[in-house]
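Colleague: all I have is the shape, not the residue letters:
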């Protein structure tokens, strides 16, 4: 929306007013840079639900046309391990889940916008699930 507003402002300035001269390119460049940073920084909304027998993960963007939303739900017993990776301002959650054919699949979620408390709560919850899975496997 900001980018389209900048483009319209650029066109109106060039065709009608010509007030900004060469500075009118800023109307396109600044919103484009903001859009690129938003895309690189990742999906802003991360939702996690561990109630019941399934784990439910949702990761979506505020701007719907930038990325496709991720939506995964699987039984708790399929979770093998998880890893949180943080590099500078970027943070990701990697989940290793057992698949139907006996192998495993890795699911990625962007968690850059979570607070430290939310990250700690997520880690605690996932550790509980993994420990429960290990106990069940050990009992069998």
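Modeller: Cool, got the structure. As the structure is a prediction and not an experimental result, all values here were calculated from the model.

Colleague: buried residues, the helix or strand harbouring residue 135. List them.
Modeller: Using DSSP states H and E, residue 135 sits within helix 116-139. In terms of neighbour count (16 or more other C-beta atoms under 10 Å), helix 116-139 has its buried residues at 122, 126, 129, 133. Every residue, glycine included, has its C-beta placed from N, CA and C.

Colleague: okay, who's weakest in these by pLDDT?
Modeller: When the buried residues of helix 116-139 are compared by pLDDT, residue 133 scores lowest at 89.

Colleague: need the helices for this protein, in chain order.
Modeller: Listed in chain order, the helices of the chain (DSSP state H) span 2-12, 26-41, 116-139.

Colleague: okay, those in TSV with distance to residue 96 next?
Modeller: Rendered in TSV, the data for those read as follows (distance: least, C-beta to C-beta, whole Å):
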stretch	distance to residue 96
helix 2-12	38
helix 26-41	25
helix 116-139	10
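
Colleague: how about those helices, which one is nearest residue 95?
Modeller: Set against residue 95 and scored by C-beta to C-beta, the helices of the chain come closest in helix 116-139, at 8.0 Å.

Colleague: hmm, who's touching the closest one?
Modeller: By C-beta atoms under 8 Å, 6 or more residues apart in numbering, the list of residues contacting helix 116-139 from outside reads 48, 50, 55, 76-77, 79-82, 84, 91, 93, 95, 111, 114.

Colleague: great, nothing more from me.
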